[in-house]
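[1] got a sequence here, can you build the structure:
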Amino acid sequence: MTDAEPRTGRAGSGEWTRPTVERVAEGVHRVPLPLEGDALRAVNVYVLVHDGGATLIDSGWSFGAGMDTLEAALGTLDLSMSQIDRVLATHFHRDHYTLAVRMRQRFGTRIALGAGDRESVEGVLAGRSDGRRSWLRHWGAEALRPDLDALPAEPPSVYEPPDSWIEGPVDVVVGDRTLRAVPTPGHTRGHHVFADVDHGLLFAGDHVLPEITPSIGVEVSPAELPLGDFLSSLQLIRELPDLDLLPAHGPLGRRSHRRAGELLDHHRLRLAATRAAVGRGPRSAYEVARLLPWTRRERHFTDLDPRNRVLAVSETAAHLDVLVRDGALDAGSDDGVRVYTEPLPEVTPCAQP
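    Now for the predicted structure:
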């Protein structure tokens, strides 16, 4: 058996990206599809088998070996591509959505996507670029424009609107299962998780990842306070039953409540570090990002690749704006650049004699 051939069995932390058909539960299988040239390396697609066919949670991206890998994996389950009746996409990012578009073109597969991502999908189809391009000046990060311009743009041709927009929370019937589609905005405005409470499973997309934290608000039309949305959505996960975590990237084996708690703790620490980096200010998001460590290896900002330098400034701006909301910082404008400062002390009026 070569690395290119599907294999069955449980994949550990170090090998979750290898081609496999991993049985998660009765009628549920994890199939990692390759993301060539992407640091994430693979995306977990979940195959939910039911009478006469199957439904996918997420689909992979439309180019590279994804289609062939998925077709080979389905073959081990005695399924063909034409038997996939529907893809439930957790959000619109290309590694979750665009292979579903190819499947619909070839096999008539239906696609469902969270309604909060409608504006971003329409923006991509209209040729509008990632919202970060217009925000570089706002962040004080014009120095990164060559980095951003060098990144490949998403071709509109790989996108199409879904067949239906999910307006969660709502129940979605898949064979004899009932999945609860729960809106979890933050990573994108329309991100949804799918909770199979009866079987103890949470198809978490990019909202709750076992080994990394997701980027926040990477979309054509980001929310006003994406990190605030994300933190509220993590709290929402802890209000659901504690379920086995089935993430889009990373190995299985975690529980939803504990991992959501770890992510909340991480962002509390990150907010504190961001506040400390501002000092008395004024500082822009770009200036603050250059002062913070990045990744689990605590790399310096300048050691990041171009894509991740832009993401780092975006993440920093998201944290700074939550600190402003919470009263820990003030924000103003300096020639079109949003700058952050220590709040002015409140002045107590003197008592009249």
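[2] run through who's touching the helix or strand encompassing Ser232.
    Applying DSSP states H and E as the criterion places Ser232 in helix 226-239. Here helix 226-239 makes contact (Cβ atoms under 8 Å, 6 or more residues apart in numbering) with 182-187, 189, 191, 193, 202, 204, 207-208, 214, 216-217, 223, 256-257, 260-261, 263-264, 267, 318-319, 321-322, 325. Any C-beta I mention is one placed from the backbone N, CA and C, and that applies to glycine too.
[3] now, these that are in strands?
    Using DSSP state E, the members of the contacts of helix 226-239 that fall in strands are 182-183, 193, 202, 204.
[4] just the residues you listed now: which is nearest Gly281?
    Nearest to Gly281 among these, counting by Cβ to Cβ, is Pro183 at 34.8 Å.
[5] I'd say that closest one and Pro169 touch.
    Yes: taking contacts as Cβ atoms under 8 Å, Pro183 lies within contact range of Pro169: 6.7 Å.
[6] neighbour-wise, which of the two wins?
    A count of neighbours by other Cβ atoms under 10 Å puts Pro183 above the other of Pro183 and Pro169, at 21 against 12.
[7] name the nearest residue to Ser82, ignoring sequence neighbours.
    Phe107 (4.8 Å; Cβ to Cβ, 6 or more residues apart in numbering).
[8] Met81 is in contact with that neighbour, correct?
    Yes: the criterion here is Cβ under 8 Å, and Phe107 meets it with Met81 at 5.4 Å.
[9] check what pLDDT the closest residue to Leu148 other than its chain neighbours gets.
    What sits nearest to Leu148 in space, not counting adjacent residues and going by Cβ to Cβ, 6+ apart, is Val310, at 5.3 Å. Val310 carries a pLDDT value of 90.
[10] now for the nearest residue to Ala181 once chain neighbours are set aside: which residues touch it?
    For Ala181, ignoring the flanking residues on the chain, the nearest one in space by Cβ to Cβ, 6+ apart is Gly168 at 4.2 Å. When contacts are counted by Cβ under 8 Å, 6+ apart, Gly168 touches 114, 181-183, 192.
[11] do Glu167 as well
    So Glu167 contacts Ala115 (Cβ under 8 Å, 6+ apart).
[12] change it to 10 Å
    Taking Cβ atoms under 10 Å, 6 or more residues apart in numbering as the criterion, Glu167 is in contact with 114-116, 181, 183, 192.
[13] of those residues, which pair is most distant in space?
    Farthest pair in these (Cβ to Cβ) is Gly116 and Ala181. Separation: 11.8 Å.
[14] of those two, which one has the most company?
    Gly116 (25 against 21).
[15] and the more buried one, what does it touch?
    Contacts of Gly116 by Cβ under 10 Å, 6+ apart are 91-92, 165-168, 183-185, 188-192, 219, 221, 223, 229.
[16] please redo it, this time with the cut-off set to 8 Å
    183, 185, 188-191.
[17] what's the answer for Ala112, then?
    Ala112 touches 86-89, 162-166, 172, counting by Cβ under 8 Å, 6+ apart.
[18] could I get the contacts of Glu167 as TSV with distance to Arg137 and pLDDT?
    Output for the contacts of Glu167, formatted as TSV (distance: Cβ to Cβ, whole Å; pLDDT from 0 to 100):
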residue	distance to Arg137	pLDDT
Gly114	30	99
Ala115	31	98
Gly116	26	97
Ala181	37	99
Pro183	31	99
His192	33	99
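[19] is it true that Ser205 touches Ala195?
    Small correction: residue 205 is Gly, not Ser. No: the criterion here is Cβ under 8 Å, and Gly205 misses it with Ala195 at 11.6 Å.
[20] between the two, who's got more neighbours?
    Ranked by neighbour count (other Cβ under 10 Å), Gly205 and Ala195 place Gly205 first, with 30 against 24.
[21] and that one, what does it touch?
    Gly205 neighbours (Cβ under 8 Å, 6+ apart): 57-58, 90-91, 96, 184, 187, 191-193, 247-248.
[22] most widely separated two among those residues?
    Checking these with Cβ to Cβ, the most distant pair is Ile57 and His187, at 15.4 Å.
[23] separation between Leu113 and Pro156?
    Separation of Leu113 from Pro156 (Cβ to Cβ, to the nearest Å): 16 Å.
[24] residue ranges with poor pLDDT in this protein?
    Along the chain, the parts satisfying pLDDT under 70 run over 1-14, 129-133, 152-154, 347-353.
[25] what about the helices in this protein?
    66-76, 94-107, 118-125, 132-135, 145-149, 226-239, 256-278, 285-291, 306-325 (DSSP state H).
[26] switch these over to TSV; also include distance to Leu35.
    Output for the helices of the chain, formatted as TSV (distance: least, Cβ to Cβ, whole Å):
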stretch	distance to Leu35
helix 66-76	8
helix 94-107	6
helix 118-125	18
helix 132-135	20
helix 145-149	20
helix 226-239	22
helix 256-278	22
helix 285-291	25
helix 306-325	13
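[27] in JSON lines: those, plus distance to Tyr46 and mean neighbour count.
    Putting those into JSON lines (distance: least, Cβ to Cβ, whole Å; neighbours: other Cβ atoms under 10 Å) gives the following:
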{"stretch": "helix 66-76", "distance to Tyr46": "11", "mean neighbour count": "18"}
{"stretch": "helix 94-107", "distance to Tyr46": "11", "mean neighbour count": "21"}
{"stretch": "helix 118-125", "distance to Tyr46": "22", "mean neighbour count": "19"}
{"stretch": "helix 132-135", "distance to Tyr46": "30", "mean neighbour count": "17"}
{"stretch": "helix 145-149", "distance to Tyr46": "33", "mean neighbour count": "14"}
{"stretch": "helix 226-239", "distance to Tyr46": "18", "mean neighbour count": "19"}
{"stretch": "helix 256-278", "distance to Tyr46": "15", "mean neighbour count": "17"}
{"stretch": "helix 285-291", "distance to Tyr46": "35", "mean neighbour count": "23"}
{"stretch": "helix 306-325", "distance to Tyr46": "26", "mean neighbour count": "22"}
